[in-house]
Every structure is written in C-alpha cells, then in structure tokens.
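**Q** coords below, sequence missing:
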C-alpha cells in the first residue's frame, strides 16, 4: 500500500507551523520546482505536490480537516474540480493564467498588478487589520524620461511609511492605565475562532481569524490617545535615489531598510520604474536607434552631420555618396551597462533624406549641369526596361 503524502513534509514545515512559515516555505519550494526553471524529470510532479500541499495548509478549514482525518478529509476538494497547480502559483505570485504567467525570475515584476504582487510576495496579510501580519514593505512608482532611463538620474522620492507609535510603543493601548490590554475574551488569546460541525464523517473542526481581535489574541480596553489604537504612526519620508543607467520600463529597484518598521521587522522600499516613450529614440537591448536628417546635396558631396544621442548632439563625418536609409554607427553611445555578462551598446543613426533646401536660380543652373550628366545606374535600368518594352 502506497504511503500517504504528508503535506507538512512536502513543504518542509512542522505541524504547528504558522501561516507565515507555510507561506515562506511554499514560496521557496514553488520557485525551486517550477517547470520553467527546473528541467529535472520529476520537477513538474513535485511542483504539483507543493501547490496541493499549500492549497490545503494555507486554508484554516482544510488544514483542520487534514489534521483530523488526513488526506481523506480533503481529497474531495480536488476531485473533478480541474485542480491546476499553476493557478495557485499565479494567484500567489500575481501572474496571469497558464504556465508562463507574469513572473520574471531574473529581472523584474512587469505588467499590471505590481503592488498586488508585492503584497502577496512579501508578507501581506489576508486580514489587513491583523497588526502582527502587516506588510512592512512599501512600493512607490516614479516616471523617467527615455533619456533619464538611458544615462541614469537622481530622483527625490516622497512617500509615507508606518512606524510603531512612539507613545504606546506599538501596543495600541494607553500605557499609563493599568490593565489596558486584556486577553481576547472571544478567542482566549489564540487569535482564531474554532467551530465544530457534525457531518456523516464525524465532527469537523475548523478555525478562522477571530472577528473580535482580528487575530492579535488581545483586546484593548483603553486606546492610545495618539494613534487611537492603530499602533502605528504614519510618517512622511523623503530620500534621494540614484537611478542606474539602462533601467527598463516596469523594472523595480530595491532600497533596503527604507520601508515601515513594525515590531522587530523593518521592510524595504521598492521603486517601480515607468519609462516614457521617446519621440526620436528607439531602444533595442543595449543599442539605440535614431533617424538623422540629411540634405540630399550633402549626402552626395559628403560633409559633417549632427546626430542626436542621449548624451548630446554628436558631429560625425558623412562620406560622399551616402545613400538614403544607410546606417551610421556611433560606437559606445548606447546603454553604458555595468551588469555582468552584458556589454555596452552602440547608437545606430539611420540616414533620412530631407527635402532640398531653397536654391536660387543661379544655384539651380549650376546644379542642373551635374544632373544632365550620364548616370550609369539610370542607363543600366533603362536598358533593362527597353528589353521588356520591345
């Protein structure tokens, strides 16, 4: 007889693991065995097991059934229901449906729902009022011009964070009053309400976050006069951040220890980058493309042209006979990256003829002499045309 799967063992947690410990274990295991990252033969099967274990242990009622009856108490949850482990993974990490989702393992969290991703990924609570589970990480968004994203920039960021109320030291209670905090009378300090239901399988026990104390296990009899029982102060913060060169749209930057401070936890600040499109530049990897306007006469005789680059206008020699659509390479004027295994880019200027400037009658007379001279390319073209016309 096959050994019954142990969901706690699959996630690598103890049977008295907290919700945060289960979430943390799932995050590591799911990333470890995701088929897009792990190419071992049994990776997908392990990935399914990890997601199924989390589906059960993250739900208080399913977990209670599993603890009391084992797998038999939750098997019906998956039967015929179209259980898809990728749905659980994507819900947890904020991705779309299907295997690929919107999760980028190596670079950034792109697309919509950026704040939702961080809320679930970095410890956001199912109950926003549960003080002990408040998310201490902060997400802000800033907008860069295209040129700023290429060459880098310094930005002053203003945002709000939370810190333990300095009056009550994060208790939410008036510390000057004796016995201002009691054990919750409804859950007796457990933080959860336990209910029992009689079924044909016996008595099923389930637990939910206590509705009276919101999972804290305590109730405040006399609230702090400063924070009104919220336990935190809201503080306005201003920092200057160095944005590195070469950042991309929807990339995020992490500034350590600049988030909220609650209890003994200090979070990080995550900066979501939005890059405005350019009217003249186009980025392809670490290279940049731009159109350079050239007078046709200058293209014929050669000379000097002005090419726009993110670093300023660059004067470049134009060889005689330069054709429309020809590409001029300006080395090292693309993205100047410092990332490992990534080389700096170049700038490619595409020649685009402009309409001829105004010429006087005398100028046109002089130019017409050159126009009347035989052009071998035209003569060759007409020769081929005459063969078909005959």
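**A** Noted; the coordinates are in hand. Quick caveat, the model's predicted, so the values are computed rather than measured.
**Q** Can you pull out the low-pLDDT segments for this structure?
**A** The chain contains residues with pLDDT under 70 at 1-3, 72-133, 199-202, 338-342.
**Q** Next one: residue 347 from residue 243, what distance?
**A** Taking C-beta to C-beta, to the nearest Å as the measure, residue 347 and residue 243 are separated by 21 Å. Heads up, the C-betas are built off the backbone N, CA and C, glycines and all.
**Q** Between these two, which is the more surrounded one?
**A** residue 347 (23 against 19; other C-beta atoms under 10 Å).
**Q** Hmm, the more buried one is touching residue 307, no?
**A** Yes: the criterion here is C-beta atoms under 8 Å, and residue 347 meets it with residue 307 at 7.5 Å.
**Q** Which residues are in contact with each of these two?
**A** Taking C-beta atoms under 8 Å, 6 or more residues apart in numbering as the criterion, residue 347 and residue 307 both touch 290, 314, 330.
**Q** what's the helix or strand for the first one?
**A** With elements taken from DSSP states H and E, the one containing residue 290 is strand 287-294.
**Q** tell me which residues in that strand are buried?
**A** 287-290, 292, 294 (16 or more other C-beta atoms under 10 Å).
**Q** Now the two most distant members of these.
**A** 287 and 294 (20.7 Å; C-beta to C-beta).
**Q** hang on, the earlier thing: what is the nearest of the buried residues of strand 287-294 to residue 221?
**A** Once C-beta to C-beta is applied, the member of these that ends up nearest residue 221 is residue 288, at 64.5 Å.
**Q** Go ahead and confirm that closest one touches residue 345.
**A** Yes: if you go by C-beta under 8 Å, residue 288 and residue 345 touch, sitting 6.6 Å apart.
**Q** Which parts of the stretch 51-200 of the chain are helices?
**A** Counting by DSSP state H, counting those that start in this stretch, the segments of the stretch 51-200 of the chain that form helices are 60-69, 85-93, 114-121, 146-151.
**Q** now the first one: how far from the chain's centre is it?
**A** If I follow you right, that is helix 60-69. Relative to its chain's centre, helix 60-69 lies at 35 Å (C-alpha atoms, centre = their mean, to the nearest Å).
**Q** for the nearest residue to residue 49 once chain neighbours are set aside, helix, strand, or coil?
**A** Counting by C-beta to C-beta, 6 or more residues apart in numbering, the nearest residue to residue 49 once its immediate chain neighbours are dropped is residue 10, at 5.2 Å. Under the three-state scheme (DSSP: H, G, I helix; E, B strand; the rest coil), residue 10 adopts helix.
**Q** dump the residue contacts of residue 10.
**A** Counting by C-beta under 8 Å, 6+ apart, residue 10 has contacts 29, 49-50, 53.
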